[in-house]
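1. Turn this into a structure:
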Amino acid sequence: MWIRGTAYNYIRELSRKKSKTKSFEELGETESKYITKSLNLLQQNGTLQDRFEEANNKVELLNEALKKLTLEEQRLLNYKEIQGLSWQ
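-> Have a look, this model is predicted:
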C-alpha cells in the first residue's frame with residue numbers, strides 16, 4: 001500500500017510540474033504564431049499607411065488642379081461630377 005500511495009503522489013507531482021511548464025517546442029510554436037500574426041499586422045498597417053499617403057497625395061493634386069480652373073469651370077465640374085447633374 002505504501003508503495004502505491006508514494007507512486008501515486010510522485011506521478012501526481014510530475015503531472016503538476018509538467019502542466020506548469022512547457023517545452024521549448026511548445027513555446028517555439030506559440031511564439032512563432034504570435035510573431036507571424038504581429039508581422040502580418042505590421043505589413044497590413046504599412047500597406048494602409050501607404051494607401052493613405054497615396055490618397056492624400058491625389059487629393060492634394062486634385063486641389064491644385066481645381067485652383068487652376070476658373071470659377072465657372074469649377075462650378076460646372078462640381079455640378080457634373082459631384083452633384084451628378086448633366087451638361088444640358
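2. Run through this protein and note the low-pLDDT ranges.
-> 1, 18-27, 30, 87-88 (pLDDT under 70).
3. Which parts of it are helices?
-> Residue ranges of the helices in the chain, as given by DSSP state H, are 2-20, 24-68, 71-77.
4. Let me have those in CSV, adding mean neighbour count as columns.
-> All C-beta spots, glycine's among them, are computed from the backbone N, C-alpha and C. Converted to CSV, the helices of the chain look like this (neighbours: other C-beta atoms under 10 Å):
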stretch, mean neighbour count
helix 2-20, 9
helix 24-68, 10
helix 71-77, 11
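5. can you redo those helices as a markdown table with distance to residue 84?
-> Output for these, formatted as a markdown table (distance: least, C-beta to C-beta, whole Å):
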| stretch | distance to residue 84 |
| --- | --- |
| helix 2-20 | 66 |
| helix 24-68 | 18 |
| helix 71-77 | 12 |
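6. Which one, of the ones you listed, ends up nearest to residue 86?
-> Across these, residue 86 has its closest neighbour in helix 71-77 (11.2 Å, C-beta to C-beta).
7. For residue 77, see how far away the most centrally placed residue in the chain is.
-> Taking C-alpha atoms, centre = their mean as the criterion, residue 41 is the residue nearest the geometric centre of the chain, at 3.5 Å. Using C-beta to C-beta, to the nearest Å, we find residue 41 at a distance of 40 Å from residue 77.
8. same deal with residue 10?
-> From residue 10 to residue 77 the distance is 85 Å (C-beta to C-beta).
9. ok, now residue 7?
-> 88 Å.
10. again with residue 48
-> 30 Å.
11. Could you do residue 86 as well?
-> Residue 86 is 13 Å from residue 77, by C-beta to C-beta.
12. got the phi/psi numbers for residue 69?
-> Per-residue torsions, residue 69: phi -80, psi 150 (degrees, to the nearest 10).
13. Burial check on it, number of neighbours?
-> Neighbours of residue 69 under the rule other C-beta atoms under 10 Å: 12.
14. Now it: closest residue in space that isn't a chain neighbour?
-> residue 77 (6.9 Å; C-beta to C-beta, 6 or more residues apart in numbering).
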